[in-house]
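Novice: Build me a model:
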Amino acid sequence: MNRQTHLLVLGLLALAPACKRLEGAEPKAQRQAQPQRPPAPVSLATAVERDVPVYLDQIGKNVAPEVVTIQPQVSGRITAIHVKDGATVKRGDPLLTIDPRPYQAQLDSAQAQLARNVAELELARLEFARVQTLLRTDAISQQEHDSRRSAVAVSEAQVRLSRAAVETAKLNLEYCFIRSPIDGRAGQRLVDLGNVVGPGPASALLVIQRLDPMYADFTIPENDLGSVQRAVEAGQARAEVRLPDEPDGPRAGTLTFLDNAVQEGTGTVKLRATIANSDWHFWPGRFVKVRLVLGTRQGAVLVPASATQTSAKGPFVYVVNGDSTAELRPVTVGQRQGDLVAISSGLKGGERVVTAGQLGVTPGGKVRSDEKQARADSVSAAREARNQP
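Specialist: Here you go, the predicted model:
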C-alpha cells in the first residue's frame, strides 16, 4: 500500500464517527422544530335523555266559527242605525231599523179583516143552527140546509186565511227591527241612514263574526295521514297554535275536524283545531303556526342544536372523550325541541359534545373548555359563512 492510499483510509475512518453523530442528531432537531398543536378552546354540553313530543309543524289560518251576513227581509228605508263599526254585539242587540210604518199599516188591515171574518163566521153558525131546527120539521129544504152548512165552512176558511195574514204582517213588522243573531264583533256597515234596501243576496247590511272560540284550519301531506289517524284513534292528538310573531307561548287546542278525502291536485288533507279565544288573541283570516302533537317519544337523546354539524357524508357531532380528545361521530338528527335537537342514533345520554368552537377542532385532537374563545370562534365562523357566495 502506498503512502497516499494509507492517508485516504485514515481520513475515512476519522470521518465515520462524525457522520453517525450527524445522522442521529437530525431527527431530534426536526422533532424539536415541529411544535405540537395546542388544545382547541370549545364549549361543551352533556347529552340528556328526556321524553319529547312527536309532532308535525304546519302553517294554518284562523277562521271564525260563525260568520253571519245581515240582509234585509223586507223592503224599506233605513231609519235608524244602532251599532257602530267594529262594535262588540250580543245576541238580540238592535242593529238597524227599517221604516216600520207601512208594515204596521198592513198589520192593522190584516187584523181588521180577521175581525170581520170572525163576525161573519159567528153569523153563519147562528143561521146554520136555525136551519138545523127547521129541517127537523120539514120547514126548509135539504138544499137550503146544505147551503148554510157550506157557508159556515167558507167562513171558517176565511178566518184561518185572515189569521195567517195577521201572522205574516206581524213577521214583516218584526223584520223591520234587525237584531244580532249571535255574539260577536261587527264589521264595517255597508249602508247609511236613509238608504232604501230590499231583500236579496246583493243587499248585505253588515257582517258579524264570532271570535270565541276560534278555528285554525291547516293541511297535512297525505303521507302523514296514517300517523295522524292512529294518534286520533289513540286519543293522543292535540294541537298547539301560536302567531308567527310570537315564538313562545303557544295555546292548546283540540283537533275537531279531519276531512274525509285527500284534496285532488295538492295531495293534502284538511284539518281543523279549535282554540279558546276569550281575549280575541287570534283574528279571523290571520296566518298561524300549528303544531299537531301525535304522541311522546320516551327517552330521546337531546343536545343543543348548535352541536350538530354537516359534512359531505351527513350530520355529525364532536364527542369529547375522557382524555379530552375529540371524536367525530356521525349521527341521525331528529326533530327540534326548542333550542335542543333530538339525536335518533349515534349518541348516548351523558356523553359530552362540542357546541361551539368546532372550527378549531380536529378529529383526535385535544380540546379544552373555554367559553369566551369558543363563542368568538362561533361568531367568526358564522360571519365567514355569511360572506361566502
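Novice: List of residues touching the helix or strand containing V319?
Specialist: Assessed by DSSP states H and E, V319 sits inside strand 314-320. The contact list for strand 314-320, computed with CB atoms under 8 Å, 6 or more residues apart in numbering, reads 42, 44, 303, 307-310, 326-333, 343, 346-347, 351-354, 358, 361, 363, 367. The way it works is simple: take the backbone N, C-alpha and C, and place the C-beta from them, glycine included.
Novice: now the strands for the stretch 251-389 of the chain?
Specialist: 251-258, 268-275, 287-304, 309-311, 314-320, 326-330, 332-337, 340-345, 352-356, 367-369 (DSSP state E, counting those that start in this stretch).
Novice: Out of these, which is closest to L243?
Specialist: Among the strands of the stretch 251-389 of the chain, the nearest to L243 by CB to CB is strand 287-304 (5.9 Å).
Novice: from the chain's centre, how far out does the closest one sit?
Specialist: Here the centre of strand 287-304 is set off from its chain's centre by 16 Å, with CA atoms, centre = their mean, to the nearest Å.
Novice: can you check stretch 115-122 too?
Specialist: 64 Å.
Novice: ok, now stretch 59-76?
Specialist: 21 Å.
Novice: now stretch 88-99
Specialist: 32 Å.
Novice: just stretch 254-274 next, same as before
Specialist: With CA atoms, centre = their mean, you get 12 Å for stretch 254-274.
Novice: same deal with stretch 156-163?
Specialist: With CA atoms, centre = their mean as the basis, stretch 156-163 stands 57 Å off its chain's centre.
Novice: So what's the model's average confidence on that stretch?
Specialist: Per-residue pLDDT over stretch 156-163 has a mean of 92.
Novice: And the contacts of that stretch?
Specialist: By CB under 8 Å, 6+ apart, the surrounding residues in contact with stretch 156-163 are 110, 113-114, 116-118, 120-121.
Novice: could I get these as JSON lines with pLDDT?
Specialist: Shown next, in JSON lines, are the contacts of stretch 156-163 (pLDDT from 0 to 100):
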{"residue": "A110", "pLDDT": "94"}
{"residue": "Q113", "pLDDT": "93"}
{"residue": "L114", "pLDDT": "93"}
{"residue": "R116", "pLDDT": "92"}
{"residue": "N117", "pLDDT": "90"}
{"residue": "V118", "pLDDT": "91"}
{"residue": "E120", "pLDDT": "88"}
{"residue": "L121", "pLDDT": "86"}
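Novice: Pull the contacting residues for Q229.
Specialist: Counting by CB under 8 Å, 6+ apart, Q229 has contacts L258.
Novice: Let's see that with 10 Å instead.
Specialist: Applying CB atoms under 10 Å, 6 or more residues apart in numbering to Q229 gives the contacts 237, 258, 269.
Novice: again with Q58
Specialist: Q58 makes contact with 216, 218-221, 224, 239, 268, 271, 288-292, according to CB under 10 Å, 6+ apart.
Novice: Turn the residues you listed into TSV, columns for neighbour count, pLDDT and distance to S150.
Specialist: Output for the contacts of Q58, formatted as TSV (neighbours: other CB atoms under 10 Å; pLDDT from 0 to 100; distance: CB to CB, whole Å):
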residue	neighbour count	pLDDT	distance to S150
A216	29	96	67
F218	24	96	69
T219	18	95	68
I220	19	94	71
P221	13	93	74
D224	15	92	75
A239	26	94	70
T268	18	94	69
L271	25	95	66
V288	25	95	71
K289	18	94	76
V290	28	95	71
R291	17	93	76
L292	26	94	72
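Novice: would JSON lines of the residues you listed with distance to D279 be doable?
Specialist: Listed next are the contacts of Q58 as JSON lines, based on distance: CB to CB, whole Å:
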{"residue": "A216", "distance to D279": "16"}
{"residue": "F218", "distance to D279": "22"}
{"residue": "T219", "distance to D279": "27"}
{"residue": "I220", "distance to D279": "28"}
{"residue": "P221", "distance to D279": "33"}
{"residue": "D224", "distance to D279": "32"}
{"residue": "A239", "distance to D279": "18"}
{"residue": "T268", "distance to D279": "31"}
{"residue": "L271", "distance to D279": "24"}
{"residue": "V288", "distance to D279": "15"}
{"residue": "K289", "distance to D279": "19"}
{"residue": "V290", "distance to D279": "19"}
{"residue": "R291", "distance to D279": "21"}
{"residue": "L292", "distance to D279": "23"}
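Novice: if we can go back for a sec, starting from the strand holding V319, tell me which strands it pairs with and how they run.
Specialist: Within its sheet, strand 314-320 is paired with strand 309-311 (antiparallel), strand 326-330 (antiparallel), strand 352-356 (antiparallel), according to DSSP bridges.
Novice: and it, which residues are buried?
Specialist: Across strand 314-320, burial judged by 16 or more other CB atoms under 10 Å covers 315-320.
Novice: sorry, back to before: what is the nearest of the contacts of Q229 to L126?
Specialist: L258 (69.2 Å).
Novice: which SS class is V232?
Specialist: helix (DSSP: H, G, I helix; E, B strand; the rest coil).
Novice: That one and E66: what is the separation?
Specialist: Applying CB to CB, to the nearest Å, the value for V232 to E66 is 25 Å.
Novice: May I have the beta-bridge partners of T254?
Specialist: T274.
Novice: And it, how far from A124?
Specialist: Relative to A124, and taking CB to CB, T254 is found at 64 Å.
Novice: Specify which residue of the two has the higher count of neighbours.
Specialist: Between T254 and A124, A124 has the larger neighbour count (other CB atoms under 10 Å), namely 20 against 14.
Novice: In a strand, that one, correct?
Specialist: No. Secondary structure of A124 (three-state DSSP): helix, not part of a strand.
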